[in-house]
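Engineer: Sharing a model prediction with you, sequence too.
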Amino acid sequence: MQKLTPPQSESELLQRCHALTTKTLGELAYALQKELPKNLTKAKGFIGQLIESALGASANNQPEPDFPNLGIELKTLPLNAHGLPKESTYVCTAPLGIQAEMEYWQTSRVRNKLAKVLWVPIEADPNIPLNERRIGTPLLWHLDPQTEIILRQDWEELSHSLHLGQTENLSAKIGIYLQIRPKAAHSRILNRKINEDSEEIWINPKGFYLRTAFTQKILAEHYG
DNA sequence: CTATGATCATCC
DNA sequence: GGATGATCATAG
């Protein structure tokens, strides 16, 4: 398997993705001439990057969908022994700067990324050796109006707290589908921010994540 | 340093 | 056992 050019159409992307179904990570890594890590402890993003290169996603780190020309974001979905998503899904970093306040839902990075997502389920039961874990049937999903109402409410509530620097309201407990969690190399990294009382505060960088309840619901609705 | 890819590890 | 908070690797 060679390094791929980005897919030029949705059907080309889907075709590539369906070709991966039932393959093992070991087979795919071999085909791409990549060495599988012993475990994911020190290679947490390995599988996501493996699938990216298998599909020809642009290897950028822009706050844009993985396939900008198609407006499609790629997300791997680790499944537990019951076939249900076992981890939350990272969406994007949460802006702490002045610009943060000026982001509106319609043009927000969260909505931009979640408008259309190609979910690729991957076996992630720890009892299965990494190289034997299989890739599942992909699901090309797009944001529907009912879901968007809830996501938007979550996003606006969380963005509001971020904007005001209300750290007490930035816990991962807030939000129905979307939540805010730390997103940094470690907890000692702090960014300066001026809060609603014009005080200087320092906060650990945050990211937006989708709860497992959200991705479990998506799979249930589309796979039954 | 900030973005991406996420999962780990601990607490309740 | 699940959720929250912490952390790891890499690219530009």
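Structural biologist: Yep, that arrived. Numbers count the residues shown, from 1 in each chain, chains lettered A, B, ... in the order given.
Engineer: Any idea how many residues pack against the residue nearest to A:Pro95 when sequence neighbours are not counted?
Structural biologist: Computed as CB to CB, 6 or more residues apart in numbering, the closest residue to A:Pro95 that is not its neighbour in sequence is A:Glu103, at 6.6 Å. Where C-beta positions appear, they are placed from N, C-alpha and C, glycine not excepted. Applying other CB atoms under 10 Å, we find 17 other residues in the vicinity of A:Glu103.
Engineer: dump the residue contacts of A:Glu103.
Structural biologist: Contacts for A:Glu103 (CB atoms under 8 Å, 6 or more residues apart in numbering) come out as A:95, A:109, A:159.
Engineer: Contact residues of chain A facing DNA strand C?
Structural biologist: Within reach of DNA strand C by CB under 7 Å from any atom of the strand, chain A has these residues: A:41-45, A:59-61, A:80, A:88, A:171-173, A:179, A:181-188, A:204, A:211-213.
Engineer: For the buried ones among those residues, write the corresponding PyMOL selection.
Structural biologist: If you want just the buried ones from the residues of chain A next to DNA strand C in PyMOL, going by 16 or more other CB atoms under 10 Å, the selection is:
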select buried, chain A and resi 88+179+183+204+211+212
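Engineer: touching DNA strand B at all, stretch A:149-156?
Structural biologist: No. Figure legend: stretch A:149-156 not in contact with DNA strand B (CB under 7 Å from any atom of the strand); closest approach 14.7 Å.
Engineer: A:Val120 pairs with what?
Structural biologist: Per DSSP bridges, the residues bridged to A:Val120 are A:Thr76.
Engineer: A:Pro78 is in contact with that one, correct?
Structural biologist: No. Applying CB atoms under 8 Å, one finds A:Val120 not in contact with A:Pro78, separated by 10.2 Å.
Engineer: now the strands: where do they sit in chain A?
Structural biologist: Secondary structure of chain A (DSSP state E): strands located at A:73-79, A:89-94, A:116-123, A:139-142, A:178-182, A:191-194, A:200-203, A:206-210.
Engineer: mind giving me JSON lines with those and columns for distance to A:Leu219 and mean pLDDT?
Structural biologist: Formatted as JSON lines, these follow (distance: least, CB to CB, whole Å; pLDDT from 0 to 100):
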{"stretch": "strand A:73-79", "distance to A:Leu219": "7", "mean pLDDT": "96"}
{"stretch": "strand A:89-94", "distance to A:Leu219": "12", "mean pLDDT": "94"}
{"stretch": "strand A:116-123", "distance to A:Leu219": "7", "mean pLDDT": "96"}
{"stretch": "strand A:139-142", "distance to A:Leu219": "7", "mean pLDDT": "96"}
{"stretch": "strand A:178-182", "distance to A:Leu219": "18", "mean pLDDT": "96"}
{"stretch": "strand A:191-194", "distance to A:Leu219": "35", "mean pLDDT": "89"}
{"stretch": "strand A:200-203", "distance to A:Leu219": "33", "mean pLDDT": "91"}
{"stretch": "strand A:206-210", "distance to A:Leu219": "12", "mean pLDDT": "96"}
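Engineer: related to what we said a few turns ago, so how far is A:Asp197 from the residue nearest to A:Pro95?
Structural biologist: 22 Å (CB to CB, to the nearest Å).
Engineer: now could you export just the CA positions of stretch A:56-69 as CSV?
Structural biologist: Provided in CSV are the C-alpha atoms of stretch A:56-69 (Å, rounded to 0.1, in the frame of the first residue of the first chain):
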residue,chain,number,x,y,z
GLY,A,56,-5.3,9.4,2.7
ALA,A,57,-6.3,12.1,5.2
SER,A,58,-4.2,15.1,4.9
ALA,A,59,-1.6,14.9,7.7
ASN,A,60,-2.2,18.3,9.0
ASN,A,61,-2.9,19.5,12.4
GLN,A,62,-5.3,22.3,11.5
PRO,A,63,-8.5,23.0,13.3
GLU,A,64,-10.3,21.7,10.2
PRO,A,65,-12.0,18.5,9.2
ASP,A,66,-9.6,15.7,8.1
PHE,A,67,-10.9,15.9,4.6
PRO,A,68,-11.4,19.6,4.0
ASN,A,69,-12.5,19.3,0.4
